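Trainee: Fold the following.
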Amino acid sequence: MSPLTKAILERDVLANELARSMGINAITELSSLMHEANSTTRAFIVNATQYIELAISHELVFKALDDEDINVVHTAVTVIEQQQASVSTDLLIGLLEKLETPDTKNRIILLLGQRLKLDEATNLEKYCTVNQPQSVALHSMAALAKIGVEQRRKQFVTYLLSIKSNATAFNEMVTFTEYINQAWLVPSLKLLLNNKEEVQFLSPQLLGCPSAIRICDKAVQLIAILLKTKFSFNTVRHVNFTDEQLAEVNLIASNYQY
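Mentor: Take a look at the predicted model:
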């Protein structure tokens with residue numbers, strides 16, 4: 001039994017370094033193991049390929065996208081995300097057609113949102129409809145807004161301002177906002193500075209920390225990131241910002257030209 005096979009079967013992280021050092025020679029061995037391994041080991045095998053150039057491990061990784069076990073599929077998508085520079089835009093579009101679960105589609109959609117030009121937005125528009133699972137439509141909306149589709153930017157602003165005290169929806173909105181990371185979001189985020197609804201409760205309570213994160217508190221942090229501006233107070237730490245601090249952010253955001 002070779003050292004690589006032994007490490008794979010024992011799910012030893014040494015397999016990653018062995019695969020890296022062996023390069024193309026590891027792929028034949030890893031591919032043969034895929035046929036007999038259980039799902040946990042198959043995911044471990046696919047994970048080891050992230051240390052080999054995707055051009056070399058391409059066939060193994062893309063076959064893993066058809067695996068019956070969703071964890072193996074997700075591992076393959078992770079490898080693609082990590083080596084996305086080696087994946088053409090056309091191939092990513094093809095993967096989006098191929099993948100079946102919303103979670104895997106969403107990850108490819110976000111990659112395409114960083115890649116497509118405005119005149120290529122039609123490749124995502126069909127995923128931004130009521131016929132799609134809600135999460136897929138939301139991810140498509142965020143990606144299209146990042147690309148620069150004005151209709152989807154307006155739609156994203158409406159979505160952003162609709163978030164209430166639902167922690168899951170709030171965290172998703174924050175993730176999308178950080179993903180888009182563009183200055184046109186500032187005026188809408190400024191409107192959230194008046195929203196003091198609590199959306200994320202912190203437990204256990206730590207001395208000097210708030211018991212909950214409010215919508216306005218997160219808006220402060222997002223605005224600070226987008227403006228790349230230092231305020232008279234620390235915006236990194238999660239705190240319940242005072243009315244004076246909220247007013248300072250509101251003033252700077254109001255005067256910002258983008």
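
Trainee: any idea which element the residue lying closest to residue 47 once chain neighbours are set aside lies in?
Mentor: Distances taken as CB to CB, 6 or more residues apart in numbering place residue 75 nearest to residue 47, at 5.3 Å, with adjacent residues excluded. C-beta coordinates here come from the backbone N, C-alpha and C atoms, glycine included. Assessed by DSSP states H and E, residue 75 sits inside helix 70-82.

Trainee: hmm, who's touching that helix?
Mentor: With CB atoms under 8 Å, 6 or more residues apart in numbering as the contact definition, helix 70-82 has outside contacts at 39-40, 42-43, 46-47, 49-50, 54, 57, 61-62, 64-67, 87, 95, 99, 101, 103-104, 107-108, 111.

Trainee: distance between it and the chain's centre?
Mentor: 13 Å (CA atoms, centre = their mean, to the nearest Å).

Trainee: List the buried residues for it?
Mentor: Within helix 70-82, the residues scored as buried using 16 or more other CB atoms under 10 Å are 72-80.

Trainee: Looking at those, which two lie furthest apart in space?
Mentor: Between any two of the buried residues of helix 70-82, the greatest separation by CB to CB is 13.1 Å, found for 72 and 80.

Trainee: Do a quick rundown of the strands in this structure.
Mentor: In the chain, the segments counted as strands under DSSP state E are 198-201, 212-214.

Trainee: now the end-to-end length of stretch 16-29.
Mentor: 13 Å (CA to CA, to the nearest Å).

Trainee: just stretch 231-246 next, same as before
Mentor: 11 Å.

Trainee: what does it contact?
Mentor: The contact list for stretch 231-246 (CB under 8 Å, 6+ apart) reads 193, 202, 209-210, 212-214, 216-217, 220-221, 224, 248-249, 252.

Trainee: and it, how far out from the chain's middle?
Mentor: Worked out by CA atoms, centre = their mean, stretch 231-246 lies 27 Å from the chain centre.

Trainee: quick one on the thing from earlier: weed out the non-buried ones from the contacts of helix 70-82.
Mentor: Buried by 16+ other CB under 10 Å: 42-43, 46-47, 49-50, 54, 57, 61-62, 64-65, 67, 87, 95, 99, 104, 107-108, 111, out of the contacts of helix 70-82.

Trainee: quick one: the helices in the stretch 101-250 of the chain?
Mentor: 102-113, 122-125, 134-147, 150-162, 167-180, 186-191, 215-227, 243-255 (DSSP state H, counting those that start in this stretch).

Trainee: same for the fourth one, what does it pack against?
Mentor: When contacts are defined as 3 or more CB pairs under 8 Å, 6 or more residues apart in numbering; DSSP states H and E, helix 150-162 packs onto helix 134-147, helix 167-180, helix 186-191.

Trainee: Could you give me the buried positions within stretch 171-190?
Mentor: 172-174, 176-177, 179-180, 185-186, 188-190.

Trainee: Which residue comes closest to residue 217 once chain neighbours are left out?
Mentor: Closest residue in space to residue 217, ignoring its immediate chain neighbours: residue 241 at 5.6 Å, by CB to CB, 6+ apart.

Trainee: ignore the last one, residue 55
Mentor: Counting by CB to CB, 6+ apart, residue 55 lies nearest to residue 86, which is 5.8 Å off, once chain neighbours are set aside.

Trainee: on that earlier part again, distance of the residue nearest to residue 47 from residue 179?
Mentor: 22 Å (CB to CB, to the nearest Å).

Trainee: Also residue 34?
Mentor: Taking CB to CB as the measure, residue 34 falls 33 Å from residue 179.

Trainee: hang on, residue 51 packs against residue 22?
Mentor: No - applying CB atoms under 8 Å, one finds residue 51 not in contact with residue 22, separated by 9.8 Å.
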